[in-house]
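Visitor: Provided below for reference: sequence and predicted model.
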Amino acid sequence: MELSGDYLFDAPQEAVWKALLDPNVLGAVMPGGKGFEQISENQYSGTLEIKVGPVQGTFQGKIILTDVKPPESYHMEVDGKGAPGFVKATGGMRIEARGSQTYMEYHGQAQVGGRIASVGQRLMDSAARSIIRQSLDALNEYLKIHAAQPAPAPETANARAAAEVPVVTATVTTGEYRPPTQTMLIARVARDILGDFIPAQYQPWVLGGIMVAIVLIILLLASR
């Protein structure tokens, strides 16, 4: 399976680069991601829970970065396994500044085995592209929210003196990042797969049926 694409982040290059190397950020923006940690220089481990159609289960994985060129590019090796099977992937990404934004190009090849290998190639490609896109969208939202929060200024004698004078100012709320949920992931993957497989005139009817089925499943699980 080959994957490639691009993305435009609404954040400066340095902020994007730091986020791509921060296991706490990666664990927050990836749907189902948890337990991400850096185990050594340029090596990470983590857990990913996927519940999308026939691909369901928990994957334990390791990520190794090579040919790291801050703050522009790196190559990546991924080795993950779990009850649904295994995934081995290699790829790379490159980012460049475009004004106040950052442009990314990525590419990769993945080999899968086990139960997930029985899923049709086209369905697997559509689901993988959708999950990657959602993760990048979530990272972009995280960056926009955190970039809007002002950094604390160093305290000086003048700053301390100014703090003693009462000043009335307007309060600005920058918001709080909320990671995507599994329900959001399922709904968006279903929408993207529909776009690849179902003619446009039939998509609203099929999508409505899928959403009803998802709601019924959630209600059934909640009642147990």
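Guide: Perfect, thanks for sending it.

Visitor: need the helix or strand of this protein with the lowest average pLDDT.
Guide: helix 157-163 (a mean of 49; mean pLDDT, DSSP states H and E).

Visitor: tell me which residues in stretch 93-112 are buried?
Guide: Across stretch 93-112, burial judged by 16 or more other CB atoms under 10 Å covers 93, 95, 102-104, 106, 108, 110, 112. For glycine as for every other residue, the C-beta is placed from the backbone atoms N, C-alpha and C.

Visitor: again with stretch 75-88
Guide: Going by 16+ other CB under 10 Å, stretch 75-88 has these buried residues: 76, 78, 80, 82, 84-87.

Visitor: What helices and strands are in contact with the longest helix belonging to the chain?
Guide: Longest helix in the chain, counting residues (DSSP state H): helix 121-147. When contacts are defined as 3 or more CB pairs under 8 Å, 6 or more residues apart in numbering; DSSP states H and E, helix 121-147 sits against strand 2-9, helix 13-20, helix 23-29, strand 43-52, strand 101-113, helix 182-197.

Visitor: Specify the angle between that helix and helix 13-20 in degrees.
Guide: Orientation check (axes from the mean of the first three to the mean of the last three CA atoms, to 10 degrees): helix 121-147 against helix 13-20 gives 120 degrees.

Visitor: so for helix 121-147, what's the average pLDDT?
Guide: The average pLDDT for helix 121-147 rounds to 84.

Visitor: repeat for stretch 44-63
Guide: Averaging pLDDT along stretch 44-63 yields 79.

Visitor: bridging residues for Lys88?
Guide: Asp79, Gln111 (DSSP bridges).

Visitor: Quick check, it in contact with Asp79.
Guide: Yes: assessed by CB atoms under 8 Å, Lys88 is found in contact with Asp79 at 5.6 Å.

Visitor: domain parsing for this structure?
Guide: 2-147, 182-224 (automatic domain parsing).

Visitor: Kind regards, and thank you for your time.
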